[in-house]
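A.B. asks: model this:
(chains A and B)
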Amino acid sequence: MTQNSQDDSVDKALQLLYRSQATEQPSEALDSHILAMAQASKIHAPKQVSFWRQYRWPLSSAASVLLVVSILLLNPTSQDPLLMEPAFIAPQALESQAARAPRVMSAPMAAPENGEPEIVGSTAADSNVGESIASDASANLVETSKMTATSQVSTEPASTVNDSNETTQRHKALVSTEGAPILQGKSVSSSPTILDSKADASNVKDSEPSAVAASAAETREAQPPATLKGQAKAVISDKQALNHLQQLVSTEQWSEAMVLLQRINQQRPQLADKTHPLHQKWRHLSQQIDAHSQP
Amino acid sequence: MDKVSETVMAAEVDHRLMQEFANGDPRAFELLYQKYKGGLYRYFIRQIGDKQLAEDLYQETWARVIKAAAGYERRAKFTTWLYRIAHNLLIDHVRALKPVELFSDAAIEGEPINDGQPCMQYAPEQLTTQGQKATILKECIALLPHVQKEAFLLNMEMGFTAVVIAEVAGAGLEAIKSRLRYATQSLKQCVEGKWQEQHYDTK
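C.D. replies: Next comes the predicted model:
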């Protein structure tokens, strides 16, 4: 205790002695030089950052999100009318089909001698609407090439295996959905030889809007099922309906043909009108089906 | 107002002045400079025999303060930061200029300073007792080992505690306490010895 107080007094004495002689100061020149350095230093107050610049990233992100949401909310079905445009759909459908069967697209345009179109790469998962196009085209081919309705020649996409079974399944699907085929999640298929042929080209050009709409629906079919909800049912023309019916007759699927004929008669009474351009064809097919339906 | 409150207030003022200088007010720097120029100048002058080198380091220290002002952040007291810069500059130059020639770093801490050297010549009759002892003290400080000298100067000039000195010098707290204790004892012995020696010689 005594030692500490003695040390403290010694420290205080030393401090007094030190302070009494601690008088050295830098020269005026040195002071001026250092102060001049401070004056010359380019220290500026940080600029006030504006609100927009300070929060530019959050604001731009929020604006982008708002824009996208607004577009989606204001135009929920903006794609549908566009896709329904014939000018948009037809090439797209053709491209889609062409992409699926590149080998067939390059096949010769002339029909094989045996009447069976050479089809390579046709998938068994043909869709209804694609089928309708194919059927329509095949009908045109039949008409233009003067082929008989009973011949086995068909430009129907025929897989190399189980052609008849596949055709049957397709026509069953057609019959079940005739007039208003509900789109199903089948992949798009093509009728390659038809697409290659002139008849197909003319068919595509002359195709009615309903067929085009069906083709568009076919194109959308490749989308996830969720997008199919709420889509309009495809409309098939009288001519297409009769073409389906004619195919059933030509393949001698009389039961399906009968069901389809009944449905056509219900939904298309105008075909019974004699002035209707397809009346003769309808009557001819009806007579054929009636002849085979009677025991 | 107690000493702690005064220290806190002084630190706040220093910090505010530094911020004002960082915001472009050179007058704030001038206030800081006037406040601490003497102590910092003596810190260098007392440790380095070469006055020109001491002034260069002193100027460089303030230059670094000016340069670092834009990015100044309050991580420590301004004085601690200032003397930390000074200490680092001193160490760098001591290493570059062969410190053995400048400082008695090789001296073992606690070893009594060599008071066999002749004292500064002065006319005793012209000085008071206090003045004479102050002059002797100045001589004795110059004879201290560097680490003890630095700790003693920081304590005397700025009133730094052992904790702050340890922060400035980058040394342990106990080492700084030891340096301060040995420095005080050595200076007391040196001053008393030289005083008696001069008094005896005069008689």
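A.B. asks: Could you report the neighbour count for whatever residue of chain A ends up closest to chain B?
C.D. replies: Nearest residue of chain A to chain B, counting by Cβ to the nearest Cβ: A:Q21, 3.8 Å away. Where you see a C-beta, it was placed from the backbone N, CA and C, and this is true even at glycine. Using other Cβ atoms under 10 Å in any protein chain shown, the number of residues around A:Q21 comes to 16.
A.B. asks: same thing with the one 10 residues further on?
C.D. replies: Residue neighbour count, defined by other Cβ under 10 Å, stands at 17 for A:D31.
A.B. asks: Touching the helix or strand in which it is found from outside, list them.
C.D. replies: Secondary structure from DSSP states H and E places A:D31 in helix A:28-40. With Cβ atoms under 8 Å, 6 or more residues apart in numbering or on different chains as the test, helix A:28-40 has contacts from A:26, B:21, B:26, B:29-30, B:33, B:37, B:55, B:58-59, B:62-63, B:66.
A.B. asks: what's near enough to touch B:V4?
C.D. replies: The contact partners of B:V4, by Cβ under 8 Å, 6+ apart, come to none.
A.B. asks: tally of neighbours for the closest residue to chain A within chain B?
C.D. replies: Using Cβ to the nearest Cβ, B:A134 is the residue of chain B that sits closest to chain A, at 3.8 Å. The number of residues packed around B:A134, counting by other Cβ under 10 Å, is 21.
A.B. asks: For A:M37, see how far away it is.
C.D. replies: Noted for B:A134: a distance of 34 Å to A:M37, by Cβ to Cβ, to the nearest Å.
A.B. asks: Would you mind stating the distance between A:H244 and A:V259?
C.D. replies: Going from A:H244 to A:V259 by Cβ to Cβ gives 11 Å.
A.B. asks: And those two? Which one has more around it.
C.D. replies: Neighbour count, other Cβ under 10 Å: between A:H244 and A:V259, A:H244 has more, with 25 against 17.
A.B. asks: thinking again about what came up before, how far does whichever strand or helix holds the residue of chain B closest to chain A sit from the chain's center?
C.D. replies: Using DSSP H and E, B:A134 sits within helix B:129-143. Relative to its chain's centre, helix B:129-143 lies at 15 Å (Cα atoms, centre = their mean, to the nearest Å).
A.B. asks: Burial check on B:A11, number of neighbours?
C.D. replies: Counted by other Cβ under 10 Å, the residues lying close to B:A11 total 16.
A.B. asks: Correct me if wrong: A:L14 contacts B:L187.
C.D. replies: Yes - if you go by Cβ atoms under 8 Å, A:L14 and B:L187 touch, sitting 6.0 Å apart.
A.B. asks: Now do the shared contacts for these two.
C.D. replies: Common contact partners of A:L14 and B:L187 (Cβ under 8 Å, 6+ apart): B:L137.
A.B. asks: Between these two, which is the more surrounded one?
C.D. replies: Set A:L14 next to B:L187 and count neighbours by other Cβ under 10 Å: B:L187 wins out with 25 against 22.
A.B. asks: Could you find the closest non-adjacent residue to the more buried one?
C.D. replies: With Cβ to Cβ, 6 or more residues apart in numbering or on different chains as the criterion, B:L187 has its nearest non-adjacent residue at 5.1 Å, and that residue is B:C140.
A.B. asks: Please report how far the one you found lies from A:A29.
C.D. replies: Between B:C140 and A:A29 the distance, using Cβ to Cβ, works out to 31 Å.
A.B. asks: Looking only at neighbour counts, state which of these two leads.
C.D. replies: Taking neighbours as other Cβ under 10 Å, B:C140 and A:A29 compare with B:C140 leading, 25 against 9.
A.B. asks: residue boundaries of the helices in chain B?
C.D. replies: Secondary structure of chain B, counting by DSSP state H: helices at B:3-22, B:26-47, B:51-68, B:78-96, B:99-102, B:129-143, B:146-158, B:162-169, B:173-202.
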